[in-house]
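Chemist: predicted model, plus sequence, below.
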Amino acid sequence: MNLITKQNKLAVYVLGALALLILPLLLQSAGNAWVRIADVALLYVLLALGLNIVVGYAGLLDLGYVAFFAVGAYMFALMASPHMTETFEGFKALFPNGLHTPLWLVIPLAAGLAAFFGVLLGAPTLKLRGDYLAIVTLGFGEIIRVFLNNLDHPVNITNGPKGLAQIDSISFFGLDLGKSLDVLGFKVASVSLYYYLFLALVVVSIIICHRLELSRIGRAWMAIREDEIAAKAMGINTRNMKLLAFGMGASFGGVSGAMFGAFQGFVSPESFSLMESVMIVAMVVLGGIGHLPGVVLGAVLLAALPEVLRYVAGPLQDMTGGRLDASILRQLLIALAMIIIMLWKPRGLWPTPDHGKSLEAK
């Protein structure tokens, strides 16, 4: 029986992997816009996986998670655009051909810088819980956005509200993801190449999160989530574990931000508003806090939902004689969908399975 179950699971995994590999090629035939939606959905999955470490595993409510997304995006933008060499003569002398950072350097740098900011956020909030922690993290996210918006004078670092453009596309082993690729006469679009890179990063992130969940560190995070006082009484160093959760979660956001900057070719403070943080938290909560498949499901649904509702909002706007703006109508429909889901499935669409017997069953 166990052998049959294992064979069924293996078959499901193989079919799922094939479907994910073929998906961008099928979507590409309907237009690159659909592949872009899939690419953005994968970036949000990466963000949701990182936030799940902080919120789902350690039970620390973080409403400023988009700050780490911004840190990664701006780090890559500064290291892969002509802004630094055009603004500072010293950089121009050191790098006459411009800064062109390779992928193998981008990912660890983005993860490390975001993790540093994560620990920086976590250090002063160690004794805060619940609503108080949420307010502090919310403020941190807004501070980062305001800094990015105003660091264009007296020294122009971020170019302020105008943002940074002409960011290099990702390239490695001679393959430039910004250009389409011909494979046996079939043209693979640039957005499809980015899809495969993002998918690889998501798979690696899921494996890391799964191993963390089963490790002693993951068990310690969950003990802190359930009862911090009891966890401390059992000898768990709650301070170090909380800082590790903030740092690990932030590193995922930094990598996702760097990929976002390369994919868009342009970053500005408008992309990192409070609404983005709220949406990422909603992805984790709606999918199922602490459950990896649920988090992935929630991220994909909420990332794709606005684009799907774009085709619903148009006809509804026509029915009202144009009195309702389509963008406002889409936000209204998203909010209604979230309310319905939480009323129907209060623990999320795919909650974590209960382990052991509950007290009520005894």
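Modeler: That came through, no problem.

Chemist: doesn't residue 99 fall inside a helix?
Modeler: No - looking at residue 99 with DSSP: H, G, I helix; E, B strand; the rest coil, it is coil, so not inside a helix.

Chemist: in the chain, which spans are strands?
Modeler: Assigned by DSSP state E, the strands in the chain fall at 171-172, 175-176, 181-183, 186-188.

Chemist: reformat the ones you listed as TSV; add mean pLDDT.
Modeler: Formatted as TSV, the strands of the chain follow (pLDDT from 0 to 100):
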stretch	mean pLDDT
strand 171-172	84
strand 175-176	85
strand 181-183	84
strand 186-188	86
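
Chemist: nearest spatial neighbour of residue 171, chain-adjacent residues omitted?
Modeler: residue 177 (6.5 Å; Cβ to Cβ, 6 or more residues apart in numbering). Every residue, glycine included, has its C-beta placed from N, CA and C.

Chemist: what pLDDT does the one you found get?
Modeler: pLDDT for residue 177: 89.

Chemist: got the contact list for the closest residue to residue 67 other than its chain neighbours?
Modeler: Nearest residue to residue 67, sequence neighbours excluded (Cβ to Cβ, 6+ apart): residue 144, at 3.9 Å. Contacts for residue 144 (Cβ atoms under 8 Å, 6 or more residues apart in numbering) come out as 64, 67, 70, 71, 117, 272.

Chemist: give me the neighbour count for the second one.
Modeler: Looking back up the chat, that one is residue 67. Neighbours of residue 67 under the rule other Cβ atoms under 10 Å: 28.

Chemist: can you give me the pLDDT of it?
Modeler: Residue 67 is given a pLDDT of 95.

Chemist: that one contacts residue 272, doesn't it?
Modeler: Yes - using Cβ atoms under 8 Å, residue 67 is in contact with residue 272, at 7.3 Å.

Chemist: what touches both of the two?
Modeler: Common neighbours of residue 67 and residue 272 (Cβ under 8 Å, 6+ apart) are 141, 144, 145.

Chemist: wait, isn't the last one in contact with residue 70?
Modeler: To tie it back to what came earlier, the one meant is residue 145. Yes - applying Cβ under 8 Å as the test, residue 145 and residue 70 come out as touching, 6.6 Å apart.

Chemist: neighbour count for these two, which is higher?
Modeler: residue 70 (28 against 22).

Chemist: please name the nearest non-neighbouring residue to residue 59.
Modeler: Excluding its sequence neighbours, the residue lying closest to residue 59 (Cβ to Cβ, 6+ apart) is residue 225, at 3.0 Å.

Chemist: let me redo that: residue 141
Modeler: residue 64 (2.8 Å).

Chemist: which sections of this protein are below the confidence cut-off?
Modeler: Low-confidence segments of the chain, defined by pLDDT under 70, span residues 1-4, 322, 326, 354-362.

Chemist: at the geometric centre of it, which residue do we find?
Modeler: Computing the C-alpha centroid of the chain and ranking residues by Cα atoms, centre = their mean puts residue 47 first, at 1.6 Å.

Chemist: now do the contacts for that residue.
Modeler: Neighbouring residues of residue 47 by Cβ under 8 Å, 6+ apart: 65, 69, 252, 253, 256, 280, 283, 299.

Chemist: does the fourth one touch residue 68 like I think?
Modeler: It refers to residue 253. Yes - here residue 253 reaches residue 68: they are 3.3 Å apart, a contact under Cβ under 8 Å.
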